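Chemist: Whatever this is, show me its structure:
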Amino acid sequence: MTSLANMPFSLLELSPMTEQDTVSQTLANTVTYAQKADELGFKRFWMAEHHNMRGIVCAATSVLIGHIAGHTRNIRVGAGGVMLPNHPPLVVAEQFGTLENLYPGRIDLGLGRAPGSDPITSRALRRDDRRAEQFDDEVAELQTLLGPYDGKSPVRAIPGENTKVPVWLLGSSLYSAQLAAKRGLPYAFAGHFAPRFVHDAIALYRRDFQPSKVLDKPYVMLGLPVVAADTDEQAQYLATTSKQRILALMRGQALWLKPPVDSMEGLWNAQEQMQVESFLGLSVVGSPATIHHKLSMIKRELAVNEFIFTNDLYELSDRKHALEILASLTSS
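Modeler: Have a look, this model is predicted:
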């Protein structure tokens, strides 16, 4: 037995796009990728809401969740997450209630309060910049809409009512950790892009957790960027794709997946290198043995219950092989 044996592994997907592929081909690749994860026994396949970002095509999150669920058998499919200030809670309850009725017992609803885009696009989506300040109240409203009817409310989510779709809180700050603890909800920390507060947020969540009707003890899922390959050298080479993508993000450029390169030298300056490496500070890159060692250390240090991985590699074949490597770590 190893420290990773039988630990749940999940995936966070952005439907990454190359400049050469069409949206249709990209989404077809996402389905193939999800089917591979389903075949290998991954726990969840979550789609992340983003808007107005060339190179990422998961804006219509609930539509994609239904499409993925319809092309897989066992894996849980959900949102990682729906940016709640962008949507009325009633609409979210109706959408995910519908999904739960179509795919019973397989739908998750992760909630975030970030815009999932730039400020101008955020205003186009929200129409009200104050929505994020009401996040706590809107989470409570959404839970009520997905729960049993109280016999009083004139507004009901039909479908949605009494589906009890599991609600998660997602975040990269102490605020999200505190709210998840207060409401007794499972918590997913976004270590795949914001590693800075990982220790403090998880510690706060565990310390302040209050048992609820849906969860009797803390449950932490940690997002990590992973690049798994047969050798450490090959993994470091493949990892340059995600480095180029984060560099483009910081420069305000399109986020196309770019082919790996032998060296990042000449592609960034010293300050940009430091910023990209900080962004990817929790990256797990390497061979099966290296990945196993790093994940075991993180699990032991942070006492996480589940990992959810981003896997931004250029070739679909490399992405699928990375899943095979990860799956082997929990069965050995």
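Chemist: CA only for contacts and neighbour counts going forward, please
Modeler: Will do.
Chemist: where exactly do the strands run in the stretch 201-332 of the chain?
Modeler: If you assign secondary structure with DSSP state E, counting those that start in this stretch, the strands in the stretch 201-332 of the chain sit at 220-228, 284-286, 306-310.
Chemist: Tell me which of those strands is the most buried.
Modeler: strand 220-228 (a mean of 26; mean count of other C-alpha atoms under 10 Å).
Chemist: Output it in PDB with nothing but the alpha carbons.
Modeler: Coordinates of each C-alpha in strand 220-228 appear next as PDB, following Å, rounded to 0.1, in the frame of the first residue of the first chain:
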ATOM      1  CA  VAL A 220     -10.600  19.400   1.000                       C
ATOM      2  CA  MET A 221      -9.900  19.100  -2.700                       C
ATOM      3  CA  LEU A 222      -6.700  20.700  -4.000                       C
ATOM      4  CA  GLY A 223      -6.300  21.900  -7.600                       C
ATOM      5  CA  LEU A 224      -2.800  21.200  -9.000                       C
ATOM      6  CA  PRO A 225      -1.200  21.700 -12.400                       C
ATOM      7  CA  VAL A 226       0.300  18.300 -13.400                       C
ATOM      8  CA  VAL A 227       2.600  17.300 -16.200                       C
ATOM      9  CA  ALA A 228       3.200  13.600 -16.200                       C
END
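Chemist: Adjust the sequence numbering to begin at 41 for everything that follows.
Modeler: Let's use 41 as the start, then, which means that last one is strand 260-268.
Chemist: outside of it, which residues touch it?
Modeler: Where contact means C-alpha atoms under 8 Å, 6 or more residues apart in numbering, the residues beyond strand 260-268 that reach it are 52, 226-232, 242, 275-276, 278-279, 320, 322-328, 331, 344-353, 361-362, 365-366.
Chemist: Run the chain-centre distance for the lowest-mean-pLDDT helix or strand in the chain.
Modeler: Sorted by mean pLDDT, DSSP states H and E, the helices and strands of the chain end with helix 159-166, the least confident at a mean of 73. Helix 159-166 has its average C-alpha position 21 Å from the chain's average C-alpha position, going by C-alpha atoms, centre = their mean, to the nearest Å.
Chemist: Which elements pack onto the helix or strand just after it?
Modeler: Using DSSP states H and E, the helix or strand that follows helix 159-166 in sequence is helix 175-186. In terms of contacts (3 or more C-alpha pairs under 8 Å, 6 or more residues apart in numbering; DSSP states H and E), helix 175-186 is packed against helix 129-142.
Chemist: Name the residues of stretch 184-193 that are buried.
Modeler: Within stretch 184-193, the residues that qualify as buried by neighbour count (16 or more other C-alpha atoms under 10 Å) are 184-187.
Chemist: Need the residues you listed in JSON lines (columns: pLDDT and distance to residue 306).
Modeler: Written out in JSON lines, the entries for these read as follows (pLDDT from 0 to 100; distance: C-alpha to C-alpha, whole Å):
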{"residue": "184", "pLDDT": "95", "distance to residue 306": "54"}
{"residue": "185", "pLDDT": "96", "distance to residue 306": "53"}
{"residue": "186", "pLDDT": "97", "distance to residue 306": "52"}
{"residue": "187", "pLDDT": "96", "distance to residue 306": "55"}
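Chemist: re the thing from before, mind putting the strands of the stretch 241-372 of the chain in a markdown table, distance to residue 290 and mean pLDDT included?
Modeler: Putting these into a markdown table (distance: least, C-alpha to C-alpha, whole Å; pLDDT from 0 to 100) gives the following:
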| stretch | distance to residue 290 | mean pLDDT |
| --- | --- | --- |
| strand 260-268 | 17 | 98 |
| strand 324-326 | 21 | 98 |
| strand 346-350 | 18 | 98 |
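Chemist: what's the closest of those to residue 194?
Modeler: Closest approach to residue 194 among the strands of the stretch 241-372 of the chain is made by strand 260-268 (35.5 Å; C-alpha to C-alpha).
Chemist: rewinding a little: give me the ChimeraX select line for the contacts of strand 260-268, limited to the buried ones.
Modeler: Applying 16+ other C-alpha under 10 Å to those leaves a buried subset, and the ChimeraX line that selects it is:
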select :52,226,227,228,229,230,231,232,242,275,276,278,279,320,322,323,324,325,326,327,328,331,344,346,347,348,349,350,351,352,353,362,365,366
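Chemist: just checking, which of the contacts of strand 260-268 belong to helices?
Modeler: 242, 275-276, 278, 328, 331, 361-362, 365-366 (DSSP state H).
Chemist: hang on, the earlier thing: send over the least confident helix or strand of the chain as PDB, restricted to the C-alpha atoms.
Modeler: The C-alpha trace of helix 159-166 is given here as PDB (Å, rounded to 0.1, in the frame of the first residue of the first chain):
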ATOM      1  CA  PRO A 159     -13.800  43.700 -15.900                       C
ATOM      2  CA  ILE A 160     -15.500  44.800 -19.100                       C
ATOM      3  CA  THR A 161     -16.800  41.300 -19.900                       C
ATOM      4  CA  SER A 162     -17.800  40.900 -16.200                       C
ATOM      5  CA  ARG A 163     -20.000  44.000 -16.500                       C
ATOM      6  CA  ALA A 164     -21.600  42.600 -19.700                       C
ATOM      7  CA  LEU A 165     -22.400  39.400 -17.800                       C
ATOM      8  CA  ARG A 166     -23.400  40.700 -14.400                       C
END
